[in-house]
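Enquirer: What follows is a predicted structure for the sequence shown.
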Amino acid sequence: MKKIIPSLLFSLLCLSAQGASLEFAFQLGEKQNPRLDKLLPNVASRITFNKDSTKLIAHEMGGSIVEWDLKKRQKRVICTLEEGQWSAYTPRLNYLLIPKADGIAVIDVATRKEIQLVKNKFEIRGPYENGCYSPEDGRLVALTKGDNEFEVWQFSLVGIATGTKPLTLKQGIKTIKIHDSKTQLPVRNGITISEENSYLATAEGTYRDGEGHRTIIEVWLNFQEKPFRVFDTGEVLGVWNLVFSDYGMMLAVDTQLNGKSGIRVWEIRTGRQLLNKSGFEAYWVRALAFTPNKQNLSTNEMTENLRTKGYLHIDYLASGDEKGNLRVWGIPYHTSKILDTKSVIWETYPTGIQALAFSPNGEYLAVALWDATIQILRWKRNEQ
């Protein structure tokens, strides 16, 4: 009966004008009664599919990082952190990045073993407040440190002699710092790198009694000394989400003003605002996720298409909030004007949404709920 109810809910979703739809596929985990004081320890705070879309990596509120096998509907624990600690995952390499008191550790998800970092003059020294992998290749790692500072490291896989006889090689990681920079405000809320490593964005903020929140988003191009763009809207920006679309064409963040949430999306190349929705009844939009773009184009090719062809395609952005509202927004590109962005799908769950993730193959949308389940929905769209 547990599988029938969600299936009925999503069988009623209708096709949009752009040909996008969602339908229930299956559920991971057993439903629990959400707590009122704090989220259950096994609610997934962040979720990411692996490279071939067969596994789902979830960082749970209690600190456990688990891997769900989508075919078997089973999970195994990869490692356990202290509650509230950060982690990052790269599908390309199937590695986890986690904090340590003196730096970071890299965990091979398949074996659950720590990969040795080669000691050299570029030694990584923490503590670090947050971190992320570059999404395309996992070759770069960005780490925030000491409030107003971030570092970018290049990771290279190398062979290390074990020292035993006969000598054998095991996999290790050589690290080189390639960039560090200062931010205007403390990097409180997140850091992310775009596809092809062109952009890096930080969500920064302060809070003072009598002044309230001040938050900004800074974006660096090619890791230059000063930010390429700064977004300062007077709203609370990017507390839960700081998300680039494929190829780094768009940047999406959650917003809040006067206790009501919203979403902002900018085109990074021009700084134009493509989506500005606010006044949602939910206090926070907890989750944002862009659909993968199946066009095999480089960033330069995407930019040239925009310049010569004008309208290119529609990107879709999924959002989930504390009221359980799951929305999918169709965001069209045009070089000279902003076209209407609409919520093409809107469905409501009986409990809050904590995290969202699209599978790399474009087949699934995973929805992590406050009842400790992860709903796997089948995503369909007509290519433009």
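Expert: Noted; the coordinates are in hand.
Enquirer: For the stretch 201-350 of the chain, give me the ranges with low pLDDT.
Expert: Residue ranges of the stretch 201-350 of the chain with pLDDT under 70: 294-313, 333-343.
Enquirer: Kindly recompute the last result at 90.
Expert: Under the criterion pLDDT under 90, the flagged ranges of the stretch 201-350 of the chain are 207-213, 225, 246-249, 269, 293-315, 330-346.
Enquirer: just the stretch 51-200 of the chain next, same as before
Expert: Across the stretch 51-200 of the chain (using pLDDT under 90), the flagged ranges come out as 101-102, 118-123, 125-126, 136-137, 146-147, 158-171, 188-189, 195-197.
Enquirer: And the strands in it?
Expert: 55-60, 64-69, 74-80, 88-90, 95-100, 103-108, 113-118, 130-133, 140-145, 149-161, 169-182, 190-193, 199-208 (DSSP state E, counting those that start in this stretch).
Enquirer: Same list (these) but as a markdown table, adding distance to Ala287 and mean neighbour count.
Expert: Where you see a C-beta, it was placed from the backbone N, CA and C, and this is true even at glycine. Below are those laid out as a markdown table (distance: least, C-beta to C-beta, whole Å; neighbours: other C-beta atoms under 10 Å):
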| stretch | distance to Ala287 | mean neighbour count |
| --- | --- | --- |
| strand 55-60 | 13 | 24 |
| strand 64-69 | 17 | 20 |
| strand 74-80 | 20 | 15 |
| strand 88-90 | 16 | 26 |
| strand 95-100 | 20 | 20 |
| strand 103-108 | 24 | 18 |
| strand 113-118 | 29 | 15 |
| strand 130-133 | 16 | 23 |
| strand 140-145 | 21 | 24 |
| strand 149-161 | 24 | 16 |
| strand 169-182 | 28 | 14 |
| strand 190-193 | 13 | 22 |
| strand 199-208 | 15 | 21 |
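Enquirer: Quick one: those strands as JSON lines, columns for distance to Phe244 too.
Expert: Output for the strands of the stretch 51-200 of the chain, formatted as JSON lines (distance: least, C-beta to C-beta, whole Å):
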{"stretch": "strand 55-60", "distance to Phe244": "19"}
{"stretch": "strand 64-69", "distance to Phe244": "23"}
{"stretch": "strand 74-80", "distance to Phe244": "25"}
{"stretch": "strand 88-90", "distance to Phe244": "14"}
{"stretch": "strand 95-100", "distance to Phe244": "18"}
{"stretch": "strand 103-108", "distance to Phe244": "22"}
{"stretch": "strand 113-118", "distance to Phe244": "26"}
{"stretch": "strand 130-133", "distance to Phe244": "11"}
{"stretch": "strand 140-145", "distance to Phe244": "12"}
{"stretch": "strand 149-161", "distance to Phe244": "15"}
{"stretch": "strand 169-182", "distance to Phe244": "18"}
{"stretch": "strand 190-193", "distance to Phe244": "6"}
{"stretch": "strand 199-208", "distance to Phe244": "7"}
